[in-house]
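J.: Give me coordinates for this.
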Amino acid sequence: MKSAKNTICLWYHRDAEAAARFYAETFPDTSVEAVHRAPGDNPSCKEGDVLTVEFILMGVPCIGLNGGPGVEHSWAFSFQVATVDQAETDRYWNAIVGNGGEESQCGWCKDRWGVNWQITPTVLMNAFTGPDRAASKRAFDAMMTMKKIDVAAIEAAIRG
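T.: Predicted structure coming up:
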């Protein structure tokens, strides 16, 4: 991976490589670029264990760090994935939740490693940012009742 000026570093207990490989299987424009092993024993792993994984996640350079236990991911950071339709929304949502993740509200879910995701259909974001404030409010109110976003229900709310 070409060294980027700004790279997202994600802390994992010990499964950075498994997470990166799952992301590469799930999302387009995603690949595992390099796996680096610890040159010596350290508090999070033994010499020769995977220490960091360089990967590209939907075009964004990332590093997975096997930093050991005790550090949890926060809702303050998430990957927001724009989807074009219900099929794409379902595919990503089901991959994350169905692989040991958990559902939350309003298009948010968490993968099995605790990384937070927003699976967000573009129709929803377009409604929020469009000029029709009444349609925006209806779409927002509909979204507030959902876990995974239902594109048809959002489109119906927009229409009124």
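
J.: Which residue is the nearest non-sequential neighbour of Ala20?
T.: Nearest residue to Ala20, sequence neighbours excluded (C-beta to C-beta, 6 or more residues apart in numbering): Phe55, at 4.1 Å. Where C-beta positions appear, they are placed from N, C-alpha and C, glycine not excepted.

J.: From the chain's centroid, how far away is the host helix or strand of the one you found?
T.: For Phe55, the enclosing helix or strand under DSSP states H and E is strand 50-57. In terms of C-alpha atoms, centre = their mean, to the nearest Å, the centre of strand 50-57 is found 15 Å from the chain centre.

J.: Which strands and helices lie in contact with it?
T.: With contacts taken as 3 or more C-beta pairs under 8 Å, 6 or more residues apart in numbering; DSSP states H and E, strand 50-57 sits against helix 16-26, strand 31-37, strand 60-66.

J.: Just list whatever residues bridge to the residue nearest to Ala16 when sequence neighbours are not counted.
T.: Of all residues not flanking Ala16 in the chain, Gly64 sits nearest, at 3.0 Å (C-beta to C-beta, 6+ apart). Taking DSSP bridges, one obtains Leu10, Val53 as the residues bridged to Gly64.
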